[in-house]
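Visitor: Provided below for reference: sequence and predicted model.
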Amino acid sequence: MKQFETLTLAARDQALILTIDQPQSLNALAREVVNDLEEFLDWFEGTGYEYRGLVITGAGEKSFVAGANIVQMNSMDEATFLAYARQMHVVTERLESLQVPVIAAVNGFALGGGCELALACDFIYASERASFGQPEVNLGLVPGFGGSVRLPQRVGRAMARELIFTGRRIKADEALRVGLVNRVTAPAELIDAAVETIKQIAAVSPCAVGIAKRAMVKMDGLNTHEALAVEAEAFMSAFHTEDSVEGRAAFVEKRAANFPGN
């Protein structure tokens, strides 16, 4: 398995667990981490999706990702600062475009860029000690890694504006209540819960999951009529796959489907 300076990888069942492994900086998104994330995505896509899902978490007990690396930002000129943000935009959009589901397993602080990285995942599981926030206004900044775009999609415009305008943190129970996270677990059960969900997804059609994911990303921001057109296109794309032929035959024959994945 490929190795990285700032990331560690581990396989469990049909899930790949990616850990941002910089606990000395609370896993902040230094340029080196962002570079490694891009390189990881190149490698992961090149595996032919050997794994049926990706789990992203952070090393240590305190932090998922504490945010951008402010020390590095202080030494950046305008062009470098903009390139830093745009590189993270590329990373987050590529996570959204992966053919397999991505789960953020948030084990501690997910602040600023950390929250934005989690938002780029398909959904978020949080431990009871997790907390979330977009505290950029406390630094005279605004979200720069997609928070102002994706946070309203998760929690609604009004709640997103409150969190961004105040910069306040919310704990895992409130994040669950407002729809930011899907599940809250005990810290020791967090990764197990994410892997178990990947196992459930691995039991169904890989083609259908990939097509559904791509369609739902494409639907964001569209009106109902436009989104329904995307859904119809996805419906027909799935219908023509070998997975669909097998799934429909298995249903009629009252047996378990054996999906070929194409």
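Guide: Structure received.

Visitor: Measure how far the lowest-mean-pLDDT helix or strand in the chain is from the centre of its chain, please.
Guide: One helix or strand of the chain scores below all others by mean pLDDT, DSSP states H and E: helix 70-74, with a mean of 90. Relative to the centre of its chain, helix 70-74 is centred 25 Å away, using Cα atoms, centre = their mean, to the nearest Å.

Visitor: buried residues in whatever helix or strand comes next after that helix?
Guide: Downstream of helix 70-74, the next assigned helix or strand under DSSP states H and E is helix 78-97. Residues of helix 78-97 classed as buried: 84, 87-89, 91-92, 94-96 (neighbour count, 16 or more other Cβ atoms under 10 Å). (Each C-beta comes from the backbone N, C-alpha and C, glycine too.)

Visitor: Tell me where the protein has strands.
Guide: Ranges of strands in the chain, per DSSP state E, are 7-12, 15-20, 53-58, 63-65, 102-106, 109-111, 123-127, 131-133, 169-171, 183-185.

Visitor: and the gap between the spatially closest residue to P152 that is not a sequence neighbour and F239?
Guide: Excluding the flanking residues, the one nearest P152 by Cβ to Cβ, 6 or more residues apart in numbering is A160, at 4.0 Å. For A160, the distance to F239 equals 36 Å [Cβ to Cβ, to the nearest Å].

Visitor: and these two? which has more neighbours close in?
Guide: The residue with more neighbours, out of A160 and F239, is A160; 22 against 11, by other Cβ atoms under 10 Å.

Visitor: So the more buried one sits against V149, correct?
Guide: No - look at A160 against V149 with Cβ atoms under 8 Å: they stay out of range, at 9.6 Å.

Visitor: Pull the number of nearby residues for the residue lying closest to W43 once chain neighbours are set aside.
Guide: Residue nearest to W43 in three dimensions, not counting chain neighbours: K2, with 4.9 Å by Cβ to Cβ, 6+ apart. Neighbours of K2 under the rule other Cβ under 10 Å: 12.

Visitor: can you start the count at 378 instead of 1 from here on
Guide: Yes, from this point I'll number from 378; that puts the last item at K379.

Visitor: Next, the contact list for K379, please.
Guide: Taking Cβ atoms under 8 Å, 6 or more residues apart in numbering as the criterion, K379 is in contact with 386, 417, 420.

Visitor: From D390, how far out is the last one?
Guide: W420 sits 20 Å away from D390, going by Cβ to Cβ.
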